[in-house]
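J.: Turn this into a model:
(chains A and B)
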Amino acid sequence: MIATPPAIAVSNLRKSFKNRAGTVEVLRGVSFTVEKGETFALLGPNGSGKTTTLNILSGLLSMDSGEAYLLGQSLGSRKTAAMVSFLSGDSQFQWSYPGRKILNFYLQLAGKSWRDISDLIDRFKLEQILDRTWEEYSNGEKTRIRLTRALLKNPQLIVLDEPTVGLDPNFAEELRKLLKEQHDRGTTILITSHYMRDIEELASRIAFIHNGRIIKTGTLQDYVVPNTNVEVTFRQLPEQAAQFGAVNGNTLVTTLTDLARVVAMGDVLAVHSRDEDLEDYFIALTKQVEESAEVTGA
Amino acid sequence: MLRTWILFKRNVGLTFQVKGRLSELVVFPISTLVIWGMLFSSGIITRELIGPLLVINILWAVGSHAQGQINMPLLMDLWAREFSEIMREGVSISEYLMAKALYGLSVGLLTLTICALSIPLAFGGGWLELYLLFAPMPVVILTATALAYLFTGVVFRYGRAFGFLSWTGLPFIIMLSSPYTPISTLWYPLQLISYLSPFTFAFEFVRSQELRWLLWGAIEAALLFGVCYLYLRFAFSYACKNRGLDKI
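T.: Numbering: from 1, shown residues only, chains lettered A, B, ... in the order given. Got it, this is the predicted structure:
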């Protein structure tokens, strides 16, 4: 039996940029593999290297060293472009061009016709807005056009960079639904997002990237631990509260271990047990990595 | 080739999308013709003197349009941030620039046609002026394309802030190409600088009608085109390596 190549194979990817202050190493040996049909999330704080990784995969940026293949093909080739769609939450088009002409251009590049995307037109209710120009669209309408453009070539792999940024909750939900459908059809998805809900609902595997390195890869279950956290609501949030976890208004999410000390800090209104979710994990892991970097001076 | 044609059609579509932009194609040649053509036809200055000046101004207009219509759509793609979207579709930089060059050539030829028809019809020019207009055209358009590639390369290398070259670069080089006086009358160091521009040879041809100027101009324009294209490829690779095409 011939083994099929993974949808994405990235090995020891390195990238640095020179600026006036010197050389900044943005990727320090990133490696990961995404199997066909998987939905894989790349999570990390701002500046961790997510977008740089995606830009390298899309052929907009060259790597310093390492190897990367999409669907077994080298990056930036025409064959790859025919099978892969990249969608960024802030993709822009010519402001004076109407949606119909924008889509027509990308349809022609993909060798497709309007008939091929009639279901997408219906689904996103585009017919009514196609003759308006890009600058006249609302954020939601722009996203509908972006999505149609990304899906029009019926890609085997979709790479999404912050796809729900700027969307209202209803449309973000619609987008997640659509991506789940694509996943069910066997499309491989690589996604980055700062909205943990996107990741929790969509991703079958999640990799954490920090300071240009993948520091953990696992399934959602590896990150979410039931009943490990508590939510403590204060009448007035004590100053030291932030040392013990994530703060939201007068509420602190902390661990069971720290509960006794936290409760002693101020006037507590309520205490609830809470699952540790991806967001808690994200904050805790980022903090932990930054603290260890400070200790080692890295 | 199909992708180049699709990109070319998009350029045309973008120009015609805003009807007012069509005026870009005619305002400069028509104002050139009106100002210089009136002098030509009025007889205030002798025909022998004003004829070459009229032709040189038209060559300037054609070169300027050919170069501008390569650079401006590129800048519009950068400003609109669609350039990176197009590159993500597997379009090569050669295909992209070829489409722009074809578009620049088309606009240049359209400008030339407007002017060439206007000279005999409106200002009483003859075959001589038309000959002086058409013969140096390959040198002018090739040089304009080379300069457009050079300016594109500078934008790739140093960022979109250098887009100003699109509208200031070519007039500056034309002014260094001895448009209105024979090159022999220039200060010697300036002559050496002028010889670096193929436009100089085209303008000398218009004044002297000696074909050797065109031959030298064609050789230099071809060399310049090769150098500018290589620079553009270098600048594109530099941008891919150091900046990322989404951040030009």
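
J.: from here on, contacts and neighbour counts on C-alpha atoms
T.: OK.

J.: Would you map the strands across chain A?
T.: A:8-19, A:22-34, A:39-43, A:65-70, A:73-74, A:84-88, A:157-161, A:188-192, A:205-210, A:213-218, A:225-234, A:246-248, A:251-255, A:268-276 (DSSP state E).

J.: For residue B:39, which of those strands is the nearest?
T.: strand A:8-19 (55.4 Å; Cα to Cα).

J.: Could you pull out the buried residues of that closest one?
T.: If you call a residue buried by 16 or more other Cα atoms under 10 Å in any protein chain shown, then strand A:8-19 has these buried ones: A:8-16.

J.: With distance to residue A:58 as new columns, can the strands of chain A be given to me in JSON lines?
T.: Compiled in JSON lines, the strands of chain A are given as follows (distance: least, Cα to Cα, whole Å):
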{"stretch": "strand A:8-19", "distance to residue A:58": "12"}
{"stretch": "strand A:22-34", "distance to residue A:58": "15"}
{"stretch": "strand A:39-43", "distance to residue A:58": "15"}
{"stretch": "strand A:65-70", "distance to residue A:58": "9"}
{"stretch": "strand A:73-74", "distance to residue A:58": "11"}
{"stretch": "strand A:84-88", "distance to residue A:58": "7"}
{"stretch": "strand A:157-161", "distance to residue A:58": "9"}
{"stretch": "strand A:188-192", "distance to residue A:58": "12"}
{"stretch": "strand A:205-210", "distance to residue A:58": "18"}
{"stretch": "strand A:213-218", "distance to residue A:58": "19"}
{"stretch": "strand A:225-234", "distance to residue A:58": "35"}
{"stretch": "strand A:246-248", "distance to residue A:58": "35"}
{"stretch": "strand A:251-255", "distance to residue A:58": "38"}
{"stretch": "strand A:268-276", "distance to residue A:58": "34"}
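
J.: Can you check which of those strands gets nearest to residue B:114?
T.: Nearest to residue B:114 among the strands of chain A is strand A:84-88; the distance by Cα to Cα comes to 43.7 Å.

J.: For the closest one, which strands pair with it and how are they oriented?
T.: strand A:157-161 (parallel) (DSSP bridges).

J.: Is there proximity between the helix or strand of chain B with the lowest mean pLDDT and chain A?
T.: Lowest by mean pLDDT, DSSP states H and E among the helices and strands of chain B is helix B:22-42, with a mean of 75. No: in terms of Cα under 8 Å from any Cα of the partner chain, no part of helix B:22-42 sits within range of chain A; the closest distance is 14.6 Å.

J.: Pull out the buried positions in that helix.
T.: B:25-26, B:28-30, B:32-34, B:36-37, B:39-41.

J.: again, but for stretch A:180-191
T.: By neighbour count on 16+ other Cα under 10 Å, the buried set for stretch A:180-191 is A:180, A:182-183, A:187-191.

J.: Nearest to residue A:288 among the residues you listed?
T.: residue A:191 (23.9 Å).

J.: Pairing partners for that closest one in the sheet, please.
T.: residue A:41, residue A:160.

J.: quick one: contacts for it?
T.: By Cα atoms under 8 Å, 6 or more residues apart in numbering or on different chains, residue A:191 lies in contact with A:39-42, A:159-162, A:199.

J.: 6 Å instead?
T.: The contact partners of residue A:191, taken as Cα atoms under 6 Å, 6 or more residues apart in numbering or on different chains, are A:41, A:159-161.

J.: among those residues, who's most crowded?
T.: Highest neighbour count within the contacts of residue A:191: residue A:41, with 26 neighbours (other Cα atoms under 10 Å in any protein chain shown).

J.: hang on, the earlier thing: Serialize the buried residues of stretch A:180-191 to a markdown table and add fields for distance to residue B:190.
T.: Listed next are the buried residues of stretch A:180-191 as a markdown table, based on distance: Cα to Cα, whole Å:
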| residue | distance to residue B:190 |
| --- | --- |
| A:180 | 68 |
| A:182 | 66 |
| A:183 | 67 |
| A:187 | 64 |
| A:188 | 62 |
| A:189 | 61 |
| A:190 | 59 |
| A:191 | 59 |
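
J.: Closest one of those to chain B?
T.: For the buried residues of stretch A:180-191, the residue nearest chain B by Cα to the nearest Cα is residue A:190; the value is 15.8 Å.

J.: Let me know the pLDDT of residue 14.
T.: Just so you know, I chose chain A. On the pLDDT scale, residue A:14 is placed at 94.

J.: That was the other one, I meant chain B.
T.: Per-residue confidence at residue B:14 stands at 86 (pLDDT).

J.: do residue B:202 as well
T.: Reported pLDDT for residue B:202: 93.

J.: Contact residues of the stretch 1-150 of chain A facing chain B?
T.: Counting by Cα under 6 Å from any Cα of the partner chain, the stretch 1-150 of chain A comes close to chain B at A:58, A:60-62, A:78, A:81, A:92-94.

J.: Mind telling me the two of those residues farthest from one another?
T.: For the residues of the stretch 1-150 of chain A next to chain B, the farthest-apart pair by Cα to Cα is A:62 and A:94; their separation is 25.6 Å.

J.: More neighbours: those two, which one.
T.: Legend: neighbour count by other Cα under 10 Å for residue A:62 and residue A:94, higher for residue A:62 (24 against 20).

J.: can I get the residues of the stretch 1-150 of chain A next to chain B in JSON lines with pLDDT?
T.: Below are the residues of the stretch 1-150 of chain A next to chain B laid out as JSON lines (pLDDT from 0 to 100):
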{"residue": "A:58", "pLDDT": "88"}
{"residue": "A:60", "pLDDT": "89"}
{"residue": "A:61", "pLDDT": "91"}
{"residue": "A:62", "pLDDT": "91"}
{"residue": "A:78", "pLDDT": "81"}
{"residue": "A:81", "pLDDT": "86"}
{"residue": "A:92", "pLDDT": "86"}
{"residue": "A:93", "pLDDT": "90"}
{"residue": "A:94", "pLDDT": "87"}
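
J.: Sort out for me which of those are in helices.
T.: The helices, defined by DSSP state H, take in A:78, A:81 from the residues of the stretch 1-150 of chain A next to chain B.

J.: And the residues of the stretch 1-150 of chain A next to chain B, which of them are buried?
T.: Applying 16+ other Cα under 10 Å to the residues of the stretch 1-150 of chain A next to chain B flags A:58, A:60-62, A:78, A:81, A:92-94 as buried.

J.: Could you dump the residues you listed into TSV and include distance to residue B:18?
T.: Below are these laid out as TSV (distance: Cα to Cα, whole Å):
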residue	distance to residue B:18
A:58	32
A:60	30
A:61	33
A:62	36
A:78	32
A:81	31
A:92	19
A:93	15
A:94	12
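
J.: list the buried ones in stretch A:280-287?
T.: Buried-residue list, stretch A:280-287, by 16+ other Cα under 10 Å: A:280, A:282, A:285-286.

J.: my guess is residue A:65 meets residue A:14, correct?
T.: Yes: between residue A:65 and residue A:14 there is a contact under Cα atoms under 6 Å: 5.3 Å.

J.: So for stretch B:99-106, mean pLDDT?
T.: Regarding stretch B:99-106, the rounded mean pLDDT is 89.

J.: So residue B:61: helix, strand or coil?
T.: Per DSSP: H, G, I helix; E, B strand; the rest coil, the secondary structure class of residue B:61 is helix.

J.: Tally up the residues packed near it, please.
T.: Per other Cα under 10 Å, the neighbour tally for residue B:61 reads 24.

J.: separation between the nearest residue to it once chain neighbours are set aside and residue B:71?
T.: Of all residues not flanking residue B:61 in the chain, residue B:29 sits nearest, at 5.9 Å (Cα to Cα, 6 or more residues apart in numbering or on different chains). From residue B:29 across to residue B:71, the span is 19 Å (Cα to Cα, to the nearest Å).

J.: rewinding a little: which among the contacts of residue A:191 gets closest to residue A:208?
T.: Using Cα to Cα, those come closest to residue A:208 at residue A:41, 8.4 Å.

J.: What are the neighbouring residues in contact with the residue nearest to residue A:70 when sequence neighbours are not counted?
T.: Spatial nearest neighbour of residue A:70, chain neighbours left out: residue A:8 (4.7 Å); criterion: Cα to Cα, 6+ apart. Shown in contact with residue A:8 (Cα under 6 Å, 6+ apart): A:33-34, A:69-70.
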